[in-house]
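build me a model from this:
(one chain, ligands or ions: 1)
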Amino acid sequence: MIKRALFIALFLVSGFSLVYGQKYAIVIHGGAGVMSKDKMNEAARTNYKAKLNEALELGEQMLKNGADATDVVVKVINVMENSPLFNAGKGAVFTHEGVNELDASIMEGATLNAGAVAGVRDVKNPINAAREVMVNSEHVMLSGRGASEFAKQQGLEIVPNKYFYTERRYQSLQSLLKRERERTQKDNTGTVGCAVLDSHGNLCAGTSTGGMTNKKFGRIGDSPIIGAGTYANNKTCAVSCTGHGEYYIRLGFARDISAMMEYQKLSVTEACKKEIDKLSELEGTGGVIAVDADGNIAMEFNTSGMFRGYIKSGGEKEIAIFENE
Ligand code: ASP
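Residues are numbered from 1 along each chain as shown. Below you'll find the model as predicted:
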């Protein structure tokens with residue numbers, strides 16, 4: 001009897017330390033862009049930081065409980081997709097035609113499985129649709145109406161396009177339409193992303209966005225493109241990007257970071273910095289977050305700010321918006 005109780009206790013303790021003793025790390029972004037302390041008032045900063053904190057703390061709690069990286073990435077991105085603060089889900093920017101078209105992708109580092117949706121107008125949480133594509137289809141990327149139909153079949157929440165309406169993003173489109181030729185990155189800020197190392201040693205990254213204000217002709221950015229806006233490989237790192245998507249596609253941005261780590265043995269920070277340098281050479285702008293297989297975090301950008309934050313199992317934590325913060 002005593003022996004049996006001892007055995008059960010040992011079993012429980014070893015199970016506990018197997019899950020809870022392992023290293024984990026989570027890093028998120030809520031978009032990079034032109035940001036200045038003068039233009040963003042204290043209340044806005046507090047709001048953004050509180051939402052980033054809510055997302056990070058949810059992720060940390062899940063990781064502590066042994067959740068796998070993919071579940072964490074999806075749930076954490078959902079927090080930001082459901083907030084009007086970010087250019088993803090609820091707060092998505094408007095296309096030239098005045099509608100919202102959303103893109104998202106996810107990739108697992110253990111299997112190199114990936115899923116993505118592009119140009120969807122009615123899926124409440126595009127990151128969930130990306131996950132369904134990865135898990136329940138033979139494909140990697142679905143677009144437009146087909147992607148919505150698939151999401152519906154998988155039982156995901158479908159909403160009318162007006163669900164994504166926010167006055168702030170609508171006014172942004174109106175002012176860009178007025179100054180059509182001065183098309184800049186203004187107010188695209190807010191793409192969201194998450195990269196995770198879970199307590200089982202697996203990496204996963206996901207990205208979700210409304211794209212760029214005033215986008216035309218079914219434009220798709222880097223965010224739903226595996227290797228451009230999102231990448232994960234257990235041998236190297238998990239990466240999520242934010243910025244002017246066309247440059248990220250041309251650079252094969254996220255995959256290039258993984259390749260530099262794999263072939264040139266660069267650290268995750270070195271590889272991210274080098275890739276941002278390549279972006280700057282092309283005069284592109286944006287940022288990137290990444291976590292490597294040891295739980296090291298990188299958060300690099302060449303803009304004046306990027307909503308960002310991370311938590312590591314050792315207790316290290318940071319949430320920041322501006323450069324040198
Ligand atoms: N990368 C996104 C896109 O080009 C936008 C962003 O991250 O700001 O669609």
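
now do the contacts for residue 285.
32, 33, 185, 243, 244, 247, 279, 302, 303 (Cβ atoms under 8 Å, 6 or more residues apart in numbering). No exception for glycine: its C-beta is placed from N, CA and C like everyone else's.

can you name the next helix or strand after the longest helix anywhere in the chain?
The longest helix of the chain (DSSP state H) is helix 42-64. Once the chain leaves helix 42-64, the next helix or strand it forms, by DSSP states H and E, is helix 69-81.

one step back: name the helices or strands packed onto the longest helix of the chain?
Counting contacts by 3 or more Cβ pairs under 8 Å, 6 or more residues apart in numbering; DSSP states H and E, helix 42-64 packs against strand 25-33, helix 69-81, strand 192-197, strand 305-312, strand 317-322.

what lines up beside the first one in the sheet?
The one in question is strand 25-33. strand 192-197 (antiparallel), strand 305-312 (antiparallel) (DSSP bridges).

so, in contact with the ligand or not, that strand?
Yes - between strand 25-33 and the ligand, judged by Cβ under 6 Å from any ligand atom, the touching residues are residue 31.

buried residues, stretch 257-275. List them.
Residues 257, 258, 259, 260, 261, 266, 268, 271, 272, 273, 274, 275 are the ones in stretch 257-275 that count as buried (16 or more other Cβ atoms under 10 Å).

buried residues, stretch 157-165. List them.
Within stretch 157-165, the residues that count as buried by 16+ other Cβ under 10 Å are 164, 165.

show me the contact partners of it.
Contacts for stretch 157-165 (Cβ under 8 Å, 6+ apart): 89-92, 99-100, 102, 121-125, 148, 151-152, 210.

now the end-to-end length of that stretch.
17 Å (Cα to Cα, to the nearest Å).

same check on stretch 190-206?
End-to-end span of stretch 190-206 (Cα to Cα): 14 Å.

can you tell me how far the spatially most central residue of the chain is from residue 243?
By Cα atoms, centre = their mean, the chain has its centre lying nearest to residue 193, at 1.2 Å. Separation of residue 193 from residue 243 (Cβ to Cβ, to the nearest Å) stands at 11 Å.

hang on, the earlier thing: among the buried residues of stretch 257-275, which ones are in helices?
Judged by DSSP H, these include 257, 258, 259, 260, 261, 268, 271, 272, 273, 274, 275 as members of helices.

let me know the closest of these to the ligand.
residue 275 (14.2 Å; Cβ to the nearest ligand atom).

got a list of what that closest one touches?
So residue 275 contacts 251, 253, 256, 257, 260, 288, 300 (Cβ under 8 Å, 6+ apart).

by neighbour count, which of the residues you listed wins?
Among those, residue 288 has the most neighbours (other Cβ atoms under 10 Å), with 31 neighbours.

pretty sure it belongs to a strand, no?
Yes - judged by DSSP: H, G, I helix; E, B strand; the rest coil, residue 288 forms part of a strand.

wait, residue 169 sits on residue 211?
No - the criterion here is Cβ atoms under 8 Å, and residue 169 misses it with residue 211 at 11.3 Å.

list residues touching both of the two?
With Cβ under 8 Å, 6+ apart as the test, residue 169 and residue 211 both reach 87, 92, 93.

angles on the backbone of the second one, please.
Residue 92 has phi and psi values of phi -60, psi 150 when expressed as degrees, to the nearest 10.

what sits closest to it if chain neighbours are left out?
Excluding the flanking residues, the one nearest residue 92 by Cβ to Cβ, 6 or more residues apart in numbering is residue 210, at 2.6 Å.

what's the answer for the first one, then?
By the measure of Cβ to Cβ, 6+ apart, the closest residue to residue 87 outside its immediate chain neighbours is residue 190, 3.1 Å from it.

who's in contact with the one you found?
Counted by Cβ under 8 Å, 6+ apart, residue 190 has contacts 30, 31, 33, 85, 86, 87, 88, 91, 93, 209, 210, 307.

same thing with residue 44?
Residue 44 sits in contact with no residue, where contact means Cβ under 8 Å, 6+ apart.
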